[in-house]
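Q: model the following, please.
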Amino acid sequence: MKTLYLDCGMGAAGDMLAAALLELIPERDGFVSWMNSFGLPGVAITQETSVKCGIAGTHFSVKVHGEEESHDHHDHEHHHDHHHHSGIDDISHIVYDHLPIPQKVKEDIMAVYELIAEAESHSHGVPVSAIHFHEVGTMDAITDITAVCLLMNEIAPDEVIVSPVHVGSGTVWCAHGVLPVPAPATTFILKDVPIYGGSIQGELCTPTGAALLKHFATRFGDMPVIKLQAIGYGMGKKNFEAANCIRAMLGEREGKTDAVLELSCNVDDMTAEQIGFAMERLFDGGALEVYTIPIGMKKSRPGALIRVMCREQDKGKLVRWMFKYTTTIGVRETKTQRYILDRDVTMMDTPYGTIRLKNSRGYGVSRSKYEYEDLARIAREQDVCIEDVIAAVDK
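A: Below you'll find the model as predicted:
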(Lines give C-alpha, C1' and ligand atoms only; values in the text may rest on other atoms or scores of the structure.)
Protein backbone atom coordinates (compact mmCIF):
# COMPACT_ATOMS: atom_id res chain seq x y z
CA MET A 1 0.00 0.00 0.00
CA LYS A 2 1.44 3.36 -1.06
CA THR A 3 1.36 5.56 2.02
CA LEU A 4 2.04 9.29 2.26
CA TYR A 5 2.80 10.60 5.74
CA LEU A 6 2.81 14.36 6.34
CA ASP A 7 4.74 15.57 9.38
CA CYS A 8 3.13 18.87 10.37
CA GLY A 9 5.21 19.57 13.46
CA MET A 10 5.61 23.16 12.20
CA GLY A 11 2.09 23.54 10.88
CA ALA A 12 1.04 23.76 7.26
CA ALA A 13 0.68 26.34 4.49
CA GLY A 14 -0.09 25.88 0.82
CA ASP A 15 3.41 26.71 -0.40
CA MET A 16 5.04 24.41 2.16
CA LEU A 17 2.82 21.47 1.15
CA ALA A 18 3.45 22.12 -2.55
CA ALA A 19 7.23 22.20 -1.99
CA ALA A 20 7.27 19.03 0.12
CA LEU A 21 5.26 17.09 -2.47
CA LEU A 22 7.33 18.53 -5.32
CA GLU A 23 10.44 16.94 -3.79
CA LEU A 24 8.76 13.52 -4.06
CA ILE A 25 8.53 13.50 -7.87
CA PRO A 26 11.44 13.02 -10.31
CA GLU A 27 10.54 15.72 -12.88
CA ARG A 28 10.39 18.80 -10.67
CA ASP A 29 11.59 21.28 -13.30
CA GLY A 30 9.10 19.93 -15.81
CA PHE A 31 6.26 20.25 -13.33
CA VAL A 32 7.08 23.89 -12.56
CA SER A 33 7.41 24.71 -16.26
CA TRP A 34 4.06 23.04 -16.94
CA MET A 35 2.34 25.10 -14.24
CA ASN A 36 3.90 28.31 -15.59
CA SER A 37 2.37 27.47 -18.97
CA PHE A 38 -1.16 27.73 -17.52
CA GLY A 39 -1.06 31.48 -18.08
CA LEU A 40 -2.49 32.58 -14.73
CA PRO A 41 -2.42 36.41 -14.90
CA GLY A 42 0.84 37.81 -13.57
CA VAL A 43 1.88 34.51 -11.92
CA ALA A 44 5.50 33.31 -11.99
CA ILE A 45 6.44 30.07 -10.18
CA THR A 46 9.95 29.04 -9.17
CA GLN A 47 11.43 26.39 -6.90
CA GLU A 48 14.21 27.63 -4.66
CA THR A 49 16.63 25.82 -2.40
CA SER A 50 16.09 26.78 1.23
CA VAL A 51 17.94 25.79 4.38
CA LYS A 52 16.31 25.84 7.83
CA CYS A 53 18.23 24.77 10.94
CA GLY A 54 20.75 22.97 8.75
CA ILE A 55 18.10 21.06 6.75
CA ALA A 56 18.01 21.64 2.99
CA GLY A 57 14.65 21.68 1.28
CA THR A 58 12.59 23.50 -1.33
CA HIS A 59 10.64 26.74 -1.17
CA PHE A 60 7.74 26.93 -3.64
CA SER A 61 7.79 30.59 -4.69
CA VAL A 62 4.75 32.18 -6.31
CA LYS A 63 5.04 35.81 -7.40
CA VAL A 64 2.06 37.78 -8.67
CA HIS A 65 3.15 40.82 -10.69
CA GLY A 66 6.56 40.43 -9.07
CA GLU A 67 5.21 40.33 -5.51
CA GLU A 68 5.39 37.24 -3.28
CA GLU A 69 2.47 36.90 -0.91
CA SER A 70 3.16 36.42 2.81
CA HIS A 71 1.94 33.05 4.01
CA ASP A 72 0.56 34.33 7.24
CA HIS A 73 -3.23 34.39 7.46
CA HIS A 74 -4.62 34.79 3.93
CA ASP A 75 -6.91 37.80 3.65
CA HIS A 76 -10.49 36.72 2.95
CA GLU A 77 -12.88 39.62 3.17
CA HIS A 78 -16.63 40.19 3.23
CA HIS A 79 -16.63 43.84 2.20
CA HIS A 80 -15.56 45.83 -0.85
CA ASP A 81 -12.92 48.52 -1.19
CA HIS A 82 -10.94 50.03 -4.07
CA HIS A 83 -9.07 46.75 -4.73
CA HIS A 84 -10.41 43.99 -6.96
CA HIS A 85 -11.74 40.96 -5.06
CA SER A 86 -12.90 37.54 -6.26
CA GLY A 87 -15.73 35.44 -4.87
CA ILE A 88 -16.14 31.67 -4.91
CA ASP A 89 -17.91 31.85 -8.30
CA ASP A 90 -14.94 33.76 -9.77
CA ILE A 91 -12.58 31.09 -8.44
CA SER A 92 -14.76 28.39 -10.00
CA HIS A 93 -14.64 30.22 -13.35
CA ILE A 94 -10.83 30.35 -13.27
CA VAL A 95 -10.49 26.70 -12.28
CA TYR A 96 -13.07 25.11 -14.58
CA ASP A 97 -12.72 27.36 -17.62
CA HIS A 98 -9.03 28.27 -17.72
CA LEU A 99 -6.88 25.55 -16.11
CA PRO A 100 -5.82 22.74 -18.52
CA ILE A 101 -5.85 20.04 -15.84
CA PRO A 102 -7.82 16.82 -15.18
CA GLN A 103 -11.43 17.13 -14.05
CA LYS A 104 -10.67 15.25 -10.80
CA VAL A 105 -8.02 17.84 -9.89
CA LYS A 106 -10.44 20.70 -10.61
CA GLU A 107 -12.95 19.11 -8.25
CA ASP A 108 -10.27 18.76 -5.56
CA ILE A 109 -9.34 22.45 -5.92
CA MET A 110 -12.93 23.59 -5.54
CA ALA A 111 -13.53 21.27 -2.59
CA VAL A 112 -10.58 22.90 -0.81
CA TYR A 113 -11.87 26.39 -1.62
CA GLU A 114 -15.32 25.46 -0.36
CA LEU A 115 -13.80 24.42 2.97
CA ILE A 116 -12.08 27.82 3.22
CA ALA A 117 -15.17 29.77 2.17
CA GLU A 118 -17.39 27.88 4.62
CA ALA A 119 -14.93 28.59 7.44
CA GLU A 120 -14.72 32.31 6.59
CA SER A 121 -18.51 32.47 6.31
CA HIS A 122 -18.90 30.96 9.76
CA SER A 123 -16.21 33.20 11.27
CA HIS A 124 -17.63 36.45 9.87
CA GLY A 125 -21.30 35.54 10.13
CA VAL A 126 -22.03 36.18 6.46
CA PRO A 127 -23.16 33.91 3.58
CA VAL A 128 -20.54 32.09 1.53
CA SER A 129 -21.61 34.20 -1.45
CA ALA A 130 -20.44 37.32 0.44
CA ILE A 131 -16.90 36.03 0.98
CA HIS A 132 -14.31 37.69 -1.28
CA PHE A 133 -10.64 36.94 -1.79
CA HIS A 134 -7.99 39.66 -2.22
CA GLU A 135 -6.50 39.83 -5.75
CA VAL A 136 -2.91 38.89 -4.85
CA GLY A 137 -4.02 36.31 -2.31
CA THR A 138 -6.41 34.85 -4.88
CA MET A 139 -3.80 34.07 -7.54
CA ASP A 140 -1.23 33.02 -4.97
CA ALA A 141 -3.66 30.66 -3.24
CA ILE A 142 -5.03 29.26 -6.51
CA THR A 143 -1.49 28.43 -7.57
CA ASP A 144 -0.57 26.79 -4.25
CA ILE A 145 -3.80 24.79 -4.07
CA THR A 146 -3.57 23.77 -7.72
CA ALA A 147 0.02 22.63 -7.26
CA VAL A 148 -0.84 20.49 -4.23
CA CYS A 149 -3.87 18.93 -5.93
CA LEU A 150 -1.89 18.18 -9.10
CA LEU A 151 0.97 16.65 -7.12
CA MET A 152 -1.42 14.53 -5.07
CA ASN A 153 -2.95 13.32 -8.31
CA GLU A 154 0.48 12.46 -9.72
CA ILE A 155 1.81 10.75 -6.57
CA ALA A 156 -1.53 8.93 -6.15
CA PRO A 157 -1.08 7.56 -2.62
CA ASP A 158 -3.46 4.87 -1.42
CA GLU A 159 -3.68 6.66 1.92
CA VAL A 160 -2.59 9.99 3.38
CA ILE A 161 -1.81 10.02 7.10
CA VAL A 162 -1.24 13.40 8.75
CA SER A 163 0.43 14.01 12.09
CA PRO A 164 -1.24 16.14 14.78
CA VAL A 165 -0.96 19.72 13.51
CA HIS A 166 1.12 22.36 15.32
CA VAL A 167 -0.86 25.59 14.98
CA GLY A 168 1.47 28.01 16.81
CA SER A 169 0.47 30.57 19.43
CA GLY A 170 0.02 34.29 20.02
CA THR A 171 -1.75 36.61 17.60
CA VAL A 172 -1.68 37.41 13.88
CA TRP A 173 -2.48 40.56 11.91
CA CYS A 174 -4.99 40.42 9.05
CA ALA A 175 -7.39 42.75 7.25
CA HIS A 176 -9.83 42.59 10.16
CA GLY A 177 -7.29 43.44 12.85
CA VAL A 178 -5.44 41.29 15.38
CA LEU A 179 -6.69 37.69 15.61
CA PRO A 180 -5.76 34.89 18.00
CA VAL A 181 -3.71 31.94 16.74
CA PRO A 182 -5.00 29.73 15.30
CA ALA A 183 -7.17 32.17 13.35
CA PRO A 184 -10.94 31.58 13.58
CA ALA A 185 -11.19 30.21 10.03
CA THR A 186 -8.30 27.81 10.64
CA THR A 187 -9.87 26.66 13.89
CA PHE A 188 -13.19 25.98 12.13
CA ILE A 189 -11.52 23.94 9.37
CA LEU A 190 -9.54 21.90 11.90
CA LYS A 191 -12.58 20.71 13.83
CA ASP A 192 -12.19 16.99 14.67
CA VAL A 193 -8.46 17.20 13.80
CA PRO A 194 -5.79 16.71 16.53
CA ILE A 195 -3.98 20.05 16.98
CA TYR A 196 -1.67 21.59 19.56
CA GLY A 197 0.02 24.90 20.35
CA GLY A 198 3.36 25.52 22.02
CA SER A 199 5.99 28.11 22.71
CA ILE A 200 6.53 29.21 19.10
CA GLN A 201 4.89 32.59 18.53
CA GLY A 202 3.14 33.00 15.21
CA GLU A 203 0.62 31.44 12.85
CA LEU A 204 2.04 28.07 11.79
CA CYS A 205 -1.08 26.71 10.09
CA THR A 206 -2.97 28.89 7.60
CA PRO A 207 -6.56 28.34 6.44
CA THR A 208 -5.24 27.16 3.07
CA GLY A 209 -2.90 24.66 4.69
CA ALA A 210 -5.64 23.45 7.04
CA ALA A 211 -8.11 22.98 4.18
CA LEU A 212 -5.62 21.01 2.09
CA LEU A 213 -4.85 18.71 5.02
CA LYS A 214 -8.54 18.24 5.83
CA HIS A 215 -9.42 17.44 2.22
CA PHE A 216 -6.68 14.91 1.50
CA ALA A 217 -6.12 13.22 4.87
CA THR A 218 -7.32 9.65 5.12
CA ARG A 219 -6.76 9.97 8.84
CA PHE A 220 -4.72 11.90 11.42
CA GLY A 221 -2.34 10.07 13.73
CA ASP A 222 1.13 8.73 14.36
CA MET A 223 3.48 7.65 11.60
CA PRO A 224 2.89 3.99 10.68
CA VAL A 225 5.55 1.39 9.93
CA ILE A 226 6.52 1.99 6.30
CA LYS A 227 9.45 1.31 3.96
CA LEU A 228 10.50 4.81 2.90
CA GLN A 229 11.00 5.49 -0.79
CA ALA A 230 11.14 9.30 -0.92
CA ILE A 231 11.31 12.22 1.51
CA GLY A 232 10.43 15.84 0.78
CA TYR A 233 11.04 18.99 2.81
CA GLY A 234 8.78 21.95 2.04
CA MET A 235 10.16 25.14 3.55
CA GLY A 236 8.31 28.21 4.77
CA LYS A 237 9.66 31.76 4.46
CA LYS A 238 10.01 32.60 8.15
CA ASN A 239 12.76 31.48 10.49
CA PHE A 240 11.98 30.02 13.91
CA GLU A 241 13.98 28.17 16.54
CA ALA A 242 12.74 24.95 14.90
CA ALA A 243 13.03 24.10 11.20
CA ASN A 244 10.04 25.77 9.52
CA CYS A 245 9.06 22.97 7.18
CA ILE A 246 6.62 20.21 6.34
CA ARG A 247 8.19 16.80 5.88
CA ALA A 248 6.49 14.47 3.41
CA MET A 249 7.43 10.79 3.56
CA LEU A 250 6.31 8.37 0.85
CA GLY A 251 6.65 4.63 1.19
CA GLU A 252 5.07 1.21 1.09
CA ARG A 253 3.20 -0.15 4.06
CA GLU A 254 2.48 -3.81 4.63
CA GLY A 255 -0.89 -4.37 6.21
CA LYS A 256 -2.86 -1.71 7.98
CA THR A 257 -3.54 -0.27 11.39
CA ASP A 258 -7.03 0.52 12.48
CA ALA A 259 -8.45 2.31 15.52
CA VAL A 260 -11.44 0.48 16.99
CA LEU A 261 -13.49 0.46 20.18
CA GLU A 262 -14.04 -2.52 22.47
CA LEU A 263 -17.35 -2.56 24.34
CA SER A 264 -17.67 -5.21 27.01
CA CYS A 265 -20.05 -6.36 29.72
CA ASN A 266 -20.40 -9.25 32.18
CA VAL A 267 -23.55 -11.38 32.53
CA ASP A 268 -24.34 -14.36 34.76
CA ASP A 269 -28.08 -14.81 34.27
CA MET A 270 -28.46 -15.48 30.53
CA THR A 271 -28.76 -18.82 28.78
CA ALA A 272 -26.43 -19.78 25.96
CA GLU A 273 -29.31 -19.36 23.50
CA GLN A 274 -30.04 -15.84 24.77
CA ILE A 275 -26.37 -14.88 24.49
CA GLY A 276 -26.28 -16.32 20.97
CA PHE A 277 -29.28 -14.22 19.95
CA ALA A 278 -27.71 -11.09 21.44
CA MET A 279 -24.53 -11.76 19.45
CA GLU A 280 -26.54 -12.09 16.22
CA ARG A 281 -28.29 -8.78 16.85
CA LEU A 282 -25.01 -7.01 17.67
CA PHE A 283 -23.53 -8.21 14.38
CA ASP A 284 -26.65 -6.93 12.63
CA GLY A 285 -26.06 -3.57 14.35
CA GLY A 286 -22.63 -3.11 12.74
CA ALA A 287 -20.24 -4.87 15.14
CA LEU A 288 -16.93 -5.85 13.58
CA GLU A 289 -16.60 -8.79 15.97
CA VAL A 290 -18.53 -10.22 18.91
CA TYR A 291 -17.18 -12.96 21.15
CA THR A 292 -17.59 -14.35 24.65
CA ILE A 293 -15.14 -15.49 27.32
CA PRO A 294 -16.15 -17.75 30.25
CA ILE A 295 -15.55 -15.98 33.57
CA GLY A 296 -16.19 -16.56 37.25
CA MET A 297 -18.27 -13.87 38.95
CA LYS A 298 -19.08 -13.01 42.55
CA LYS A 299 -20.53 -15.72 44.75
CA SER A 300 -18.71 -18.15 42.41
CA ARG A 301 -21.41 -17.85 39.78
CA PRO A 302 -20.27 -18.86 36.26
CA GLY A 303 -20.74 -16.05 33.78
CA ALA A 304 -19.73 -14.74 30.37
CA LEU A 305 -17.75 -11.70 29.27
CA ILE A 306 -19.36 -10.36 26.09
CA ARG A 307 -16.97 -8.24 24.03
CA VAL A 308 -17.93 -6.18 20.99
CA MET A 309 -15.46 -4.57 18.56
CA CYS A 310 -16.86 -1.64 16.58
CA ARG A 311 -16.22 1.65 14.82
CA GLU A 312 -16.62 4.95 16.66
CA GLN A 313 -19.66 5.86 14.56
CA ASP A 314 -21.47 2.65 15.58
CA LYS A 315 -20.75 2.95 19.32
CA GLY A 316 -23.96 4.67 20.39
CA LYS A 317 -26.24 2.19 18.67
CA LEU A 318 -24.32 -0.86 19.90
CA VAL A 319 -24.22 0.37 23.51
CA ARG A 320 -28.02 0.72 23.41
CA TRP A 321 -28.35 -2.75 21.89
CA MET A 322 -26.08 -4.31 24.52
CA PHE A 323 -28.44 -3.00 27.19
CA LYS A 324 -31.45 -4.07 25.13
CA TYR A 325 -30.41 -7.63 24.27
CA THR A 326 -28.42 -8.60 27.38
CA THR A 327 -29.13 -8.40 31.11
CA THR A 328 -26.09 -6.26 31.88
CA ILE A 329 -26.39 -3.11 33.97
CA GLY A 330 -23.09 -1.60 32.73
CA VAL A 331 -20.99 -1.42 29.56
CA ARG A 332 -17.26 -0.65 29.50
CA GLU A 333 -15.46 1.09 26.63
CA THR A 334 -11.80 0.79 25.60
CA LYS A 335 -10.15 2.48 22.64
CA THR A 336 -7.57 0.25 20.99
CA GLN A 337 -5.38 -0.03 17.91
CA ARG A 338 -5.30 -3.18 15.84
CA TYR A 339 -2.97 -4.35 13.10
CA ILE A 340 -4.72 -5.95 10.16
CA LEU A 341 -3.62 -7.63 6.95
CA ASP A 342 -4.61 -6.40 3.49
CA ARG A 343 -7.48 -8.51 2.30
CA ASP A 344 -9.17 -9.31 -0.99
CA VAL A 345 -11.39 -11.97 -2.51
CA THR A 346 -10.76 -13.78 -5.80
CA MET A 347 -13.24 -15.97 -7.65
CA MET A 348 -12.08 -19.50 -8.54
CA ASP A 349 -13.66 -21.65 -11.23
CA THR A 350 -13.90 -25.28 -10.08
CA PRO A 351 -15.69 -28.44 -11.31
CA TYR A 352 -18.37 -27.57 -8.73
CA GLY A 353 -18.81 -23.99 -9.84
CA THR A 354 -17.35 -20.71 -8.61
CA ILE A 355 -15.79 -20.60 -5.14
CA ARG A 356 -14.59 -17.50 -3.33
CA LEU A 357 -10.97 -17.54 -2.15
CA LYS A 358 -10.22 -15.09 0.68
CA ASN A 359 -6.64 -13.77 0.58
CA SER A 360 -4.74 -11.83 3.23
CA ARG A 361 -1.18 -10.51 3.20
CA GLY A 362 1.16 -8.15 4.98
CA TYR A 363 3.72 -8.03 7.80
CA GLY A 364 5.69 -10.77 6.05
CA VAL A 365 2.87 -13.31 5.74
CA SER A 366 0.46 -14.39 3.02
CA ARG A 367 -2.60 -16.62 3.54
CA SER A 368 -5.53 -17.91 1.51
CA LYS A 369 -8.70 -19.66 2.61
CA TYR A 370 -11.81 -20.86 0.80
CA GLU A 371 -15.09 -19.27 1.80
CA TYR A 372 -16.82 -21.67 4.21
CA GLU A 373 -20.33 -20.98 2.91
CA ASP A 374 -19.27 -21.98 -0.62
CA LEU A 375 -17.64 -25.19 0.61
CA ALA A 376 -20.67 -26.06 2.74
CA ARG A 377 -23.04 -25.49 -0.20
CA ILE A 378 -21.04 -27.81 -2.45
CA ALA A 379 -20.74 -30.43 0.31
CA ARG A 380 -24.53 -30.49 0.70
CA GLU A 381 -25.11 -30.65 -3.05
CA GLN A 382 -22.59 -33.49 -3.51
CA ASP A 383 -23.43 -35.22 -0.22
CA VAL A 384 -19.77 -35.29 0.84
CA CYS A 385 -17.78 -33.81 3.71
CA ILE A 386 -16.09 -30.43 3.46
CA GLU A 387 -12.62 -32.02 3.55
CA ASP A 388 -13.46 -33.96 0.36
CA VAL A 389 -14.56 -30.74 -1.36
CA ILE A 390 -11.28 -29.00 -0.43
CA ALA A 391 -9.24 -31.97 -1.66
CA ALA A 392 -11.10 -32.00 -4.97
CA VAL A 393 -10.76 -28.24 -5.48
CA ASP A 394 -7.03 -28.32 -4.67
CA LYS A 395 -6.28 -30.90 -7.36
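Q: report the contact partners of L4.
A: Shown in contact with L4 (Cβ atoms under 8 Å, 6 or more residues apart in numbering): I155, P157, E159, V160, I161, A248, M249, L250. (C-beta placed from N, C-alpha, C; glycine too.)
Q: let's see that with 7 Å instead.
A: With contact set as Cβ atoms under 7 Å, 6 or more residues apart in numbering, L4 has these partners: I155, P157, V160, A248, L250.
Q: out of the residues you listed, the closest to P351 would be?
A: Checking the contacts of L4 against P351 by Cβ to Cβ gives P157 as the nearest, at 42.1 Å.
Q: pLDDT score assigned to the closest one?
A: Reading off the per-residue confidence, P157 sits at a pLDDT of 94.
Q: assign a three-state SS to it, would you?
A: Applying DSSP: H, G, I helix; E, B strand; the rest coil to P157 yields a three-state assignment of coil.
Q: doesn't T3 make contact with it?
A: Yes: here P157 reaches T3: they are 6.3 Å apart, a contact under Cβ atoms under 7 Å.
Q: ok, the two, which is more surrounded?
A: Neighbour tally, P157 and T3, criterion other Cβ atoms under 10 Å: the higher count belongs to T3, 23 against 18.
Q: tell me the pLDDT of that one.
A: What the model reports for T3 is a pLDDT of 93.
Q: can you give me the helices for the stretch 1-150 of the chain?
A: If DSSP state H, counting those that start in this stretch is used as the criterion, the helices of the stretch 1-150 of the chain fall at 14-22, 28-36, 88-98, 103-124, 135-155.
Q: and if you look at the stretch 151-300 of the chain?
A: In the stretch 151-300 of the chain, the helices defined using DSSP H, counting those that start in this stretch lie at 184-189, 207-216, 272-284.
Q: out of the helices of the stretch 1-150 of the chain, which one sits most buried?
A: Mean neighbour count (mean count of other Cβ atoms under 10 Å) peaks for helix 14-22 among those, with a mean of 29.
Q: just to revisit the earlier point, now the helices of the stretch 1-150 of the chain in JSON lines, with distance to P180?
A: As requested, these are arranged in JSON lines below (distance: least, Cβ to Cβ, whole Å):
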{"stretch": "helix 14-22", "distance to P180": "21"}
{"stretch": "helix 28-36", "distance to P180": "34"}
{"stretch": "helix 88-98", "distance to P180": "26"}
{"stretch": "helix 103-124", "distance to P180": "12"}
{"stretch": "helix 135-155", "distance to P180": "20"}
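Q: which of these sits closest to S300?
A: Ranking those by proximity to S300 (Cβ to Cβ) places helix 103-124 first, at 58.9 Å.
Q: give the residue spans of the stretch 101-250 of the chain that score low on pLDDT.
A: Counting by pLDDT under 70, the ranges of the stretch 101-250 of the chain that qualify are 128-137, 175-176.
Q: ok, back up a step: closest one to L179 among the helices of the stretch 1-150 of the chain?
A: Evaluated over the helices of the stretch 1-150 of the chain, closeness to L179 peaks at helix 103-124, with 9.2 Å, by Cβ to Cβ.
Q: pLDDT weak spots in the stretch 251-395 of the chain?
A: In the prediction, the stretch 251-395 of the chain carries residues with pLDDT under 70 at positions 255.
Q: quick one: the strands in it, in order.
A: For the stretch 251-395 of the chain, the strands identified by DSSP state E, counting those that start in this stretch occupy 256-267, 289-296, 302-310, 332-340, 342-350, 353-362, 365-370, in order along the chain.
Q: mind putting those into JSON lines with distance to T208?
A: Shown next, in JSON lines, are those (distance: least, Cβ to Cβ, whole Å):
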{"stretch": "strand 256-267", "distance to T208": "28"}
{"stretch": "strand 289-296", "distance to T208": "41"}
{"stretch": "strand 302-310", "distance to T208": "36"}
{"stretch": "strand 332-340", "distance to T208": "31"}
{"stretch": "strand 342-350", "distance to T208": "34"}
{"stretch": "strand 353-362", "distance to T208": "36"}
{"stretch": "strand 365-370", "distance to T208": "42"}
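Q: so which of those strands is the most surrounded?
A: Comparing the strands of the stretch 251-395 of the chain by mean neighbour count (mean count of other Cβ under 10 Å), strand 302-310 comes out on top with a mean of 19.
Q: adjacent strands (with direction) for that strand?
A: The sheet places strand 302-310 alongside strand 256-267 (antiparallel), strand 289-296 (antiparallel), with pairing taken from DSSP bridges.
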